[in-house]
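S.K.: quick one, structure for this:
(one chain, ligands or ions: 1)
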Amino acid sequence: MMPAGHSAAPRSRSDDEAAPPWSSITGLVPTRTPLLDGDPAAADPVAAKREELRAYFHRTCEIDERLFDLIRNDTAYYVRHEPLRHPLIFYFAHPATFYVNKLFVGRWFPARVDPRMEAMMAVGVDEMSWDDLDSAHYDWPSVAAVRAYRREVRKRVDAFIRTMPLELPIRQDSAAWVILMGIEHERIHLETSSAIMRQMPLDDLRRESELSAGERELWRACTVTGPRPDNPWVDVAGGVVRLGKRDDDRTYGWDNEYGREEVRLAPFRAARQLVSNGEYLEFVEAGGYRDETLWTEEGRGWLGYTRAEHPRWWRRDGAGWRQRNLLDEIGLPLDWPVEVNCLEAQAWCAWKARETGLDVRLPTEAQWQSLRRGIDTDQPTWDRAPGNVNLEWFASGCPVTRFVQGDFCDVVGNVWQWTRTPIMPFKGFEVHPLYDDFSVPTFDGRHNLIKGGSWISTGNEALASARYAFRRHFYQHAGFRPVVDSSTDGADTEGSRLYETDALVTQYLEFHYGPEALGVPNFPRACAAEAIRHLPADRRRRALDIGCSVGRSTFELARWFETVEGVDFSARFIQSGVRLGQGGEVHYEVSTEGELTTKRGVSLERLGLSDVAGRVAFTQGDACNLKPIHTGYDLVLAGNLVDRLYDPSLFLDLITGRILPGGLFVVTTPWTWLEEYTPKDKWLGGRREHGEPLSGFEGLRRALDPAFELVHRTDIPFVIRETSRKHQHSIADVTVWRRRGSP
Ligand SMILES: [Fe+2]
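M.R.: Reported below is the predicted structural model:
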């Protein structure tokens, strides 16, 4: 949906409209990721770091805005150019909302900037099954409104950086870490948004003649092309490769990058260059896209669905081919790297293996890392990038022979390189609490690592330790370098598995799906049954399970309701529900005694819930800032949620309007208030008020009284298992409230 009244006139910005260096285009590149420690030579290292962070923040916002400035028609912001992604209006706003969401949830910001914007634009880096990509559900704001919002966020974050507590080195729990998180997140989207823009009609983008001199310099594409180069195999010695970023590393990292792993590599051979368009063209002309035997099962599924016949950014032009870049289309540059998804790269390798009789495959993460050891610098210390990366050379690919790095070309830069390694955490992985949906949802065997960075990989993305992963059918500025390798290291993965290792998620899986303990009936099931008891049969259309966790009560409610939406703040929890709803199994281990464990497997079929899956949908969301689409319910169940919220009263206010008159609101809670979750001044009860004790129940009644009548109150016990002989036994206070007014 698009608001009316959008201007279609091209806009231009002058390069010197403001004084600070970050508003001048020439000050935007090259990027240098800030070091976490201070400069001992600085007179005041803390003040200097603060200024460095401020400048890095503004440069990041500015370069992202410069990318969006390339769009000449506001209407183009509302078209979904990539069917697996939101329209670009989302990605224009999303990085700004990210700063606010993280700073607010981390309690660094006292208030939101625009709750509606921050709910609508919160999630969407990857096409998770629970991402809501249905545009009908979004009443997108105007481009001008997003621009104004971005300005406001810049002002607030700038003020925050100027005054935030800052100690060096910056640690993961400090405010500056959240700022770096927001910045590096925006730089990821600089890359993903530019990939989407390569799918926009060229008419929607400004022509070169409409760009300022500074813009032309920033977005300058390579103009050199040549014939298909030979691509010889180069021997690589084996040995031990150490993976993982150290805790005391001097640069910012995402949670999945930390930890330690050692891999012993057998000798292998790797192609000197990335596979060029010319090399890939031979596969296309040999009928590679029509030969199913060359494709994995997943690849065949993708081919059948998309009917692809060639890489996405190629276009057939009579007898020849053309390639779409960011701002232009050129005759297919045969010596530039081909850009394909992982499935296409795998098919090419299978074809090459058949042609040559060699074990041609994609490299593993460790094999790429062993090539990377040939470059002894990294982005914070290099004078100029050794490859086409960091926007230091071109805003496009370039010949694969242009940047020689030791025995190879383009180990770093040009386009990303697919590996055959699905991303998994290193030993010692710990999720970052403020961004728990960054890595964990990708540990599913379906997301392969990409390495080396592209021409537009800036900031943290351009570091050797960067570890990004995408679904194998996804398009980025990515190609590949094949290896010849006959080892069987198990890094090839097809299909999907979900083996849950996250201790907290495991505990909830056991709570929701494990066997009953101490003779206490399954709690989510008992809560659903209690809720249903008070709701007439003609009021069972839509239910919301808010704080649904791993989803048992959502499925249980679906026994009676036409549709049930499960919403949880954490993607880590939701993915278990999603997997079960898709008919999959979830496996986990529970502690029995000491280091001993028991394995468990869950499926809806075993629970007798297979036929309800089609009525259930899971979404990520903040209970205190629910998206507007969550409304019109006959029942809302808030299971053990109100004492885990940052602002329970705000939630209660908000949820009232989402329940239909005559509908039910069911609250279960053991009233365990913890300042870790809820600041004390926000507790509904469990504290003294004017010297008198105030219970949680009294606080709840006071909050709900004007709009609800209390229908029923009861106790329901629950048990959380620690080992086979140790359990936490709690009693939930269960209250059933009916919304006043006639249905
Ligand atoms: Fe994002």
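S.K.: below-threshold pLDDT in the stretch 151-300 of the chain: ranges please.
M.R.: For the stretch 151-300 of the chain, no stretch has pLDDT under 70.
S.K.: ranges for the helices of it?
M.R.: Here the stretch 151-300 of the chain has its helices, by DSSP state H, counting those that start in this stretch, at 175-197, 213-218, 277-285, 297-306.
S.K.: can you name every helix or strand that the third one contacts?
M.R.: Contacting helix 277-285 under the criterion 3 or more Cβ pairs under 8 Å, 6 or more residues apart in numbering; DSSP states H and E are the following elements: helix 342-356. (Each C-beta comes from the backbone N, C-alpha and C, glycine too.)
S.K.: what does the helix it packs on contact?
M.R.: 275, 280, 283, 286, 288-289, 291, 293-296, 298-299, 302-303, 308, 311, 340, 358-362, 418, 420, 448, 470, 472-474, 479-480, 482 (Cβ atoms under 8 Å, 6 or more residues apart in numbering).
S.K.: buried ones in the longest strand along the chain, by neighbour count?
M.R.: Using DSSP state E to define each element, the chain has its longest strand at strand 708-723. For strand 708-723, a neighbour-count test (16 or more other Cβ atoms under 10 Å) marks 708, 716, 718, 719, 721 as buried.
S.K.: for the stretch 601-743 of the chain, what spans make up the strands?
M.R.: Under the criterion DSSP state E, counting those that start in this stretch, strands of the stretch 601-743 of the chain are mapped to 616-620, 633-639, 659-669, 687-689, 692-694, 708-723, 726-739.
S.K.: which parts of the last one are buried?
M.R.: Neighbour counts using 16+ other Cβ under 10 Å place 730, 732, 733, 734, 735, 736, 737, 738, 739 of strand 726-739 among the buried residues.
S.K.: contacts only, for the nearest residue to the first one once chain neighbours are set aside.
M.R.: Nearest non-adjacent residue to residue 730, counting by Cβ to Cβ, 6 or more residues apart in numbering: residue 670, 4.4 Å away. Contacts were defined as Cβ under 8 Å, 6+ apart; by that measure residue 670 touches 640, 643, 718, 730, 731, 732, 733.
S.K.: rewinding a little: can I get the buried residues of strand 726-739 in a markdown table including pLDDT and distance to residue 31?
M.R.: As requested, these are arranged in a markdown table below (pLDDT from 0 to 100; distance: Cβ to Cβ, whole Å):
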| residue | pLDDT | distance to residue 31 |
| --- | --- | --- |
| 730 | 95 | 50 |
| 732 | 97 | 51 |
| 733 | 97 | 53 |
| 734 | 97 | 54 |
| 735 | 97 | 54 |
| 736 | 97 | 56 |
| 737 | 97 | 53 |
| 738 | 97 | 57 |
| 739 | 97 | 53 |
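S.K.: go through the strands of the stretch 601-743 of the chain and name the closest to residue 681.
M.R.: Among the strands of the stretch 601-743 of the chain, the nearest to residue 681 by Cβ to Cβ is strand 687-689 (8.8 Å).
S.K.: pick the one among the contacts of residue 670 closest to residue 39.
M.R.: Nearest to residue 39 out of the contacts of residue 670 is residue 643 (Cβ to Cβ; 45.1 Å).
S.K.: how deep is the closest one tucked in, by neighbour count?
M.R.: Counted with other Cβ atoms under 10 Å, the neighbours of residue 643 add up to 19.
S.K.: and the one 10 residues further on, by the same measure?
M.R.: By the other Cβ under 10 Å criterion, the neighbourhood of residue 653 contains 14 residues.
S.K.: hmm, back to that, which among the strands of the stretch 601-743 of the chain is found nearest to residue 581?
M.R.: Closest to residue 581 of the strands of the stretch 601-743 of the chain, according to Cβ to Cβ: strand 616-620, at 5.4 Å.
S.K.: so what strands line up beside the closest one?
M.R.: Strand 616-620 has the following strand partners under DSSP bridges: strand 563-568 (parallel).
S.K.: sketch out the low-pLDDT regions of this structure for me.
M.R.: For the chain, the stretches with pLDDT under 70 are 1-23, 124-137, 488-501.
S.K.: relative to helix 175-197, how tilted is the helix or strand that contains residue 323?
M.R.: Assessed by DSSP states H and E, residue 323 sits inside strand 320-324. Inter-element angle recorded for strand 320-324 and helix 175-197: 150 degrees (by axes from the mean of the first three to the mean of the last three Cα atoms, to 10 degrees).
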